[in-house]
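Colleague: The sequence isn't on hand, but the structure is:
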C-alpha cells in the first residue's frame, strides 16, 4: 500500500543504512528497546500555504494525540504566524533560514550566514526557545554548510534525504539514509533501526495523522532529533 494511497502526498519514509563514523552508544542504546524501529516525523512549513489554519489544526491534533516529531520553518513564517511554533512536549523546532530560499543561490558567504542566523534567531525570539537544528530549503546545500551551521550554533542538520548530520566530538557526523516507497517496507527493514516520514503544510492535517496511525500499527517507537542527539535541541528560555 503506497503512502500516497493513505492521503499523505509528497511523503517519504527513509531508513538509516549506515554511518560515516562510529556511532556513540547514546544513539542506539544496548537494550531491548533498541530493537524496535525508531520513526522520526518531520514537518516543514513552507511559505504561507494554508496558514494559519493548518498550524492551528495541527496543534489541536498534537494536543489530542501527542507524537514526538520535529517542525521546520523559516524566520519569516515565525514572524507572520507565531502559532506555527509548536511548543508541545516532544516536538522539536528547527529553522530553515529567514526566507525559504536555496542557500547556494546566495553567492556571498556572509549573506548565507546572515540568512541562516537570522532565521534561527527570529524563531528563538518569537517562540521564546533556543533551537539548534536546521533543514535547508529544498534540501540543497553547498560546501559552506558545516561552517555556516557551526557559526550559527546549530548542531543537527536534516537537509538531505540521503543523510542527517549531528555535531559530535567537534565535527559533524554523517548518518546515511535510504528512501522507502511503501508502508509494507516498514515490516522488513533488514535490521535497520531508524526511519523518518516527512510532510509539509500542503498535506492535509487529516492525511498526516491517518498516515501516522498506519505507522503505529507497526512495532515502532517515535523519536525526535533530541532523542537521536542524546540531548535537548529545543529548549524554552521564557
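Modeller: Okay, I see it. Please read these numbers as outputs of a predicted model, since none were measured by experiment. Numbers count the residues shown, from 1 in each chain.

Colleague: got the buried residues for stretch 222-232?
Modeller: Within stretch 222-232, the residues that qualify as buried by neighbour count (16 or more other C-beta atoms under 10 Å) are 222-229. The C-beta positions use only the backbone N, C-alpha and C, and glycine is treated the same way.

Colleague: tell me the contacts of residue 50?
Modeller: Contact criterion C-beta atoms under 8 Å, 6 or more residues apart in numbering gives 201-202 as the residues in contact with residue 50.

Colleague: Helices of the protein, residue ranges please.
Modeller: Chain-ordered helices for the chain, with DSSP state H as the definition, fall at 53-64, 75-80, 109-127, 145-151, 205-216, 225-229.

Colleague: hmm, back to that, can I get the buried residues of stretch 222-232 in JSON lines with distance to residue 54 and pLDDT?
Modeller: Listed next are the buried residues of stretch 222-232 as JSON lines, based on distance: C-beta to C-beta, whole Å; pLDDT from 0 to 100:
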{"residue": "222", "distance to residue 54": "21", "pLDDT": "94"}
{"residue": "223", "distance to residue 54": "24", "pLDDT": "94"}
{"residue": "224", "distance to residue 54": "20", "pLDDT": "96"}
{"residue": "225", "distance to residue 54": "22", "pLDDT": "97"}
{"residue": "226", "distance to residue 54": "24", "pLDDT": "97"}
{"residue": "227", "distance to residue 54": "25", "pLDDT": "96"}
{"residue": "228", "distance to residue 54": "26", "pLDDT": "93"}
{"residue": "229", "distance to residue 54": "27", "pLDDT": "96"}
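
Colleague: Can I get the helices of the chain in a markdown table including distance to residue 86?
Modeller: Supplementary listing: those in a markdown table, determined by distance: least, C-beta to C-beta, whole Å:
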| stretch | distance to residue 86 |
| --- | --- |
| helix 53-64 | 6 |
| helix 75-80 | 11 |
| helix 109-127 | 9 |
| helix 145-151 | 22 |
| helix 205-216 | 12 |
| helix 225-229 | 14 |
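
Colleague: now, of those, which is deepest in the fold?
Modeller: Per-stretch averages of neighbours, counted by mean count of other C-beta atoms under 10 Å, single out helix 225-229 among the helices of the chain, with a mean of 22.

Colleague: counting contacts, what elements does it pack onto?
Modeller: Taking 3 or more C-beta pairs under 8 Å, 6 or more residues apart in numbering; DSSP states H and E as contact, the helices and strands that helix 225-229 lies on are strand 37-45, strand 91-95, strand 156-157, strand 163-168.

Colleague: right, and the ones you listed - which one's nearest residue 128?
Modeller: Across those, the minimum distance to residue 128, taken as C-beta to C-beta, is reached by strand 91-95, at 10.6 Å.

Colleague: List the residues that contact residue 139.
Modeller: With contacts taken as C-beta under 8 Å, 6+ apart, residue 139 has the following neighbours: 159-161.
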